[in-house]
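[1] Sequence first, then the predicted structure, then my questions.
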Amino acid sequence: MIKQEMEKYDINKDGFFSKDEMTYELEELENNLINDSGFGIFAFFGYPFCLLYTIILALIFHIGKKLLMPLLINHKLLN
């Protein structure tokens with residue numbers, strides 16, 4: 001959709017924008033295209049990273065609980 005809008009500003013239809021073709025509106029469309037791309041790639045990089053981070057933290061707490069609970073229980077029994 002944004003790319004179709006940008007094609008309107010390509011005067012010589014070569015697929016590139018020269019200095020003569022650059023306008024304020026075209027720069028705004030370019031910024032919108034760049035900002036829109038970030039949300040698209042978040043699904044590929046952001047979600048897996050968050051999932052991996054959560055799994056690592058859960059494992060650390062699970063292992064820590066398994067190691068520390070017997071020590072705490074034994075300490076309470078000795079006192």
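    Everything's here; your move. Residues are numbered from 1 along each chain as shown.

[2] lowest-confidence helix or strand of the chain?
    helix 2-7 (a mean of 69; mean pLDDT, DSSP states H and E).

[3] Just give the number of residues close to residue 25.
    12 (other CB atoms under 10 Å). Any C-beta I mention is one placed from the backbone N, CA and C, and that applies to glycine too.

[4] What of residue 64?
    The burial count for residue 64: 10, using other CB under 10 Å.

[5] and if you look at residue 6?
    16.

[6] Check residue 26 too.
    Residue 26 has 16 nearby residues by other CB under 10 Å.

[7] Repeat that for residue 29.
    Using other CB under 10 Å: residue 29 sits among 17 other residues.

[8] Do I have it right that it meets residue 6?
    Yes - counting by CB atoms under 8 Å, residue 29 touches residue 6, with 5.1 Å between them.

[9] low pLDDT regions in this structure?
    Under the criterion pLDDT under 70, the flagged ranges of the chain are 1-4, 8-11, 16, 36-38, 76-79.

[10] in it, which spans are strands?
    Here the chain has no strands by DSSP state E.

[11] quick one: contacts for residue 55?
    Neighbour list for residue 55: empty [criterion: CB atoms under 8 Å, 6 or more residues apart in numbering].

[12] now it: how far from residue 62?
    The gap separating residue 55 from residue 62 is 10 Å, by CB to CB, to the nearest Å.

[13] same check, this time on residue 54
    Distance, residue 54 to residue 62, using CB to CB: 12 Å.

[14] Look up phi and psi at residue 14.
    Backbone torsions of residue 14, given as degrees, to the nearest 10, read phi -100, psi 0.

[15] what about it, neighbour count?
    Residue 14: 9 neighbours (other CB under 10 Å).
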